[in-house]
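1. One predicted model, sequence on top.
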Amino acid sequence: MDFILLIIAFRFLQTHAQTKELYPEWQSLFLKGLIAVSCFLAIQVIFNSTDILMRWVAHSLNLYVIYAAYNRNVFSPLKPYVYAFLPVVLIHVIQDFTKLVASDFYHSWENWFDTAALFGWIWLVAQFIINRKQRKALELERIKAAAQELEFKKSQKQKDALEIQVAERTAEITAQKESLEKTLHELRAAQSQLVHSEKMASLGELTAGIAHEIQNPLNFVNNFSELNKELLEELKVELAKGDLDEIKLIVSDLEANEEKIVHHGKRADAIVKGMLQHSRSSTGVKEPTNINELADEYLRLSYHGLRAKDKSFNASIETDFDEEVGTVDVIPQEIGRVILNLVNNAFYAVSEKKKILGTLEDTELAKSYKPTVWVSTKRISNGVEIRVKDNGTGMPDSIKEKIFQPFFTTKPSGLGTGLGLSLSYDIVKAHGGELAVTSQASGVETGQESWTEFFISLTN
């Protein structure tokens, strides 16, 4: 029985103290001691001899191990060993002690001692079974914890990898953002340059028109100045003769010519002021402006500008200005630029239609076509309306949907930037108004009627 007890004790120690892993040298020494004790006990069994002193030595060692395991933290894993072996060891110690000091009492109650020892062994075996299950559960928990730790490390590695990817992606996005900002800056610069080019092109057309316009009053000034010079020579002659009636007639002609010189001089001055007003940068301040005069001025400037560039160009102009329109608070340079752009487009449309009709076999159709541009103003309930209409090529619906988009143009390359109508739309919107278009493009080749009309509505 003692031999079996030692084997069970040894297994407990291996399991809880982890002697193989933590104390391999102590494990070897303990195993040698266990073999020696087992041999000694085997000899006792063979010769049916009992040595009380040796049994007490064994009991003392067991009690010491129990005490050490229970009181030293380093041996805390051996506490299940204490709970399992303490009843067996105590029963044997009491049994041997009673047998030593009171043998008669021991023999009288020997059966009870054996019964108690049996229960001690049952307790030991039960603890051994329970402990194995607990150890398995703990081992499963340890494996689970190890798996969780492994999973955590794996997830941590994935997290680190993701952080690296995020950092790389962030750096890439930052580089792309800087590149996009640079590109956007370049596009804005290019757009500003194109807008400036569009304005300069508009100014160039105005300059040609103004040059033509200013030439007329200058011609009148020069002609009447020459007449006055001749009249002054005649006046000298008549003064020498003393013919008062003739002198009065010549002086009257001089006064009439002088009035015409002053009139055309003021007209030239007004044209120059208009040119300066258009060429200088807009202050962005609205001022009361006579819409009829503004529309008429820019209509004439557009026509004469086109005539100056192309002597073969010709078109009829019809105006219908409502006298009730009066003045409207607008930025005259901006609204004038809108009217100029719409009128230029109208003249271009009628010129293109005449060219297309001229290529057809039926020349009578081309001869009967009369290019015409209409400009009208009208007082409406909440402001004024300006209309610019032409009987040119017209526009299909697919083009009308895009006509106000920036950089969209139907003109050949080099003849348009595609910004004129877009800028005009923005200018009218900034004034709180509306710019719209209606058109009909029904077969230029067949001679059917086609036209385009723009509407500018401005609130007063």
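-> That came in fine, so what should we check first? No experiment lies behind these values; they were computed from the predicted model shown.
2. And the closest residue to Phe321 other than its chain neighbours, which helix or strand is it part of?
-> Leaving aside its chain neighbours, Phe321 sits nearest to Asn292 (4.1 Å; criterion: CB to CB, 6 or more residues apart in numbering). Placement of C-beta: from N, CA and C, glycine included. Per DSSP states H and E: Asn292 is located in helix 291-309.
3. close enough to count as contact, Glu238 and Lys248?
-> No - look at Glu238 against Lys248 with CB atoms under 8 Å: they stay out of range, at 9.5 Å.
4. So which of the two has more stuff around it?
-> Taking other CB atoms under 10 Å, Glu238 and Lys248 do not tie; Glu238 has more neighbours (17 against 11).
5. For the more buried one, give me the pLDDT.
-> Model confidence at Glu238, given as pLDDT, is 81.
6. coming back round to it: how about the contacts made by the residue nearest to Phe321?
-> Applying CB atoms under 8 Å, 6 or more residues apart in numbering to Asn292 gives the contacts 321-323, 325, 377.
7. mind running it again at 7 Å?
-> By CB atoms under 7 Å, 6 or more residues apart in numbering, the residues touching Asn292 are 321, 325, 377.
8. Let me know the secondary structure of the last one.
-> Right, the one you point to is Thr377. strand (DSSP: H, G, I helix; E, B strand; the rest coil).
9. surely it meets Asn290?
-> No - taking contacts as CB atoms under 7 Å, Thr377 lies outside contact range of Asn290: 10.1 Å.
10. When the two are compared, which one has more neighbours?
-> Set Thr377 next to Asn290 and count neighbours by other CB under 10 Å: Thr377 wins out with 22 against 15.
11. For that one, give its distance to Asn111.
-> Thr377 sits 135 Å away from Asn111, going by CB to CB, to the nearest Å.
12. again with Ser422
-> According to CB to CB, Ser422 and Asn111 sit 118 Å apart.
13. Settle it for me: which of those two has more neighbours?
-> Ser422 (19 against 9).
14. On the three-state scheme, the residue nearest to the more buried one when sequence neighbours are not counted is what?
-> Excluding the flanking residues, the one nearest Ser422 by CB to CB, 6+ apart is Pro406, at 4.3 Å. Using three-state DSSP, the structure places Pro406 in coil.
15. tell me the pLDDT at Pro406?
-> According to the predicted model, the pLDDT of Pro406 comes to 74.
16. my guess is it meets Gly420, correct?
-> No - Pro406 is beyond contact range of Gly420, at 10.2 Å (criterion: CB under 7 Å).
17. So those two - more neighbours on which side?
-> Between Pro406 and Gly420, Gly420 has the larger neighbour count (other CB under 10 Å), namely 22 against 15.
18. Wait, that one touches Leu342, no?
-> No - using CB under 7 Å, Gly420 makes no contact with Leu342, being 8.7 Å away.
19. returning to that earlier point: check the gap between the residue nearest to Ser422 and Asp397 for me.
-> For Pro406, the distance to Asp397 - CB to CB - is 20 Å.
20. Can you name the element that comes right after the helix or strand containing Ser398?
-> Using DSSP H and E, Ser398 sits within helix 397-400. Proceeding N to C from helix 397-400, the next assigned helix or strand is helix 420-430, under DSSP H and E.
21. looking just at contacts, which helices and strands does that following helix meet?
-> Secondary structure elements in contact with helix 420-430, counted by 3 or more CB pairs under 7 Å, 6 or more residues apart in numbering; DSSP states H and E, are helix 110-241, helix 332-358, strand 434-440.
22. For that helix, what does the pLDDT average out to?
-> Mean pLDDT, helix 420-430: 88.
23. which residues touch that helix?
-> 195, 198, 334, 337-338, 341-342, 403-406, 434-435, 456.
24. Can you tell me which residue is spatially central in the chain?
-> Compute the mean C-alpha point of the chain, and by CA atoms, centre = their mean the closest residue is Lys177, 9.7 Å away.
25. do you know how far it is from Thr183?
-> Lys177 is 11 Å from Thr183, by CB to CB.
26. circling back: export the contacts of helix 420-430 to CSV and append columns for distance to Ile356.
-> As requested, the contacts of helix 420-430 are arranged in CSV below (distance: CB to CB, whole Å):
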residue, distance to Ile356
Val195, 31
Glu198, 26
Glu334, 34
Arg337, 29
Val338, 27
Asn341, 23
Leu342, 21
Ile403, 20
Phe404, 25
Gln405, 25
Pro406, 28
Glu434, 31
Leu435, 27
Ile456, 28
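27. What is the nearest of those residues to Glu385?
-> Ile456 (6.9 Å; CB to CB).
28. Can you give me the pLDDT of the spatially closest residue to that closest one that is not a sequence neighbour?
-> Distances taken as CB to CB, 6+ apart put Ile386 closest to Ile456, at 4.1 Å, once the chain neighbours are dropped. Looking at Ile386, its pLDDT is 96.
29. what residues are up against Ile386?
-> 291, 295, 339, 377, 456.
30. Try it again at 10 Å.
-> 291-292, 294-295, 321, 325, 328, 335, 338-339, 342, 375-378, 428, 433, 435, 454-458 (CB atoms under 10 Å, 6 or more residues apart in numbering).
31. same check, this time on Gly326
-> By CB under 10 Å, 6+ apart, the contact list for Gly326 reads 288-292, 379, 384, 460.
32. got it, and Asn228?
-> 235, 250, 253-258, 260-261.
33. Would you agree Gln106 is in contact with Asp114?
-> No Gln there; residue 106 is Tyr. No - contact criterion CB atoms under 10 Å: Tyr106 and Asp114 do not qualify, at 11.0 Å.
34. quick one, which of these two is more surrounded?
-> Summary of the neighbour comparison: Tyr106 and Asp114, criterion other CB under 10 Å, with Tyr106 having more neighbours (17 against 12).
35. Show me what counts as buried in the helix or strand that contains the more buried one.
-> Per DSSP H and E: Tyr106 is located in helix 103-108. By 16 or more other CB atoms under 10 Å, the buried positions in helix 103-108 come out as Tyr106.
36. who's in contact with that helix?
-> 94-100, 102, 113.
37. CA-only coordinates of it in PDB, if you can.
-> This file holds the C-alpha atoms of helix 103-108, laid out as PDB (Å, rounded to 0.1, in the frame of the first residue of the first chain):
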ATOM      1  CA  SER A 103      -1.000  -1.300  21.300                       C
ATOM      2  CA  ASP A 104      -4.000  -2.800  23.200                       C
ATOM      3  CA  PHE A 105      -6.200   0.100  22.200                       C
ATOM      4  CA  TYR A 106      -4.900  -0.100  18.600                       C
ATOM      5  CA  HIS A 107      -5.800  -3.800  18.300                       C
ATOM      6  CA  SER A 108      -9.200  -3.100  19.800                       C
END
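38. for the record, mean pLDDT for that helix?
-> Helix 103-108 comes out at a mean pLDDT of 78.
39. What about the contacts of helix 420-430, which one has the most neighbours?
-> Neighbour counts for the contacts of helix 420-430 peak at Leu342, which has 30 neighbours (criterion: other CB under 10 Å).
40. Let me see the contact set for Ser225.
-> By CB under 10 Å, 6+ apart, the contact list for Ser225 reads 257-258, 261.
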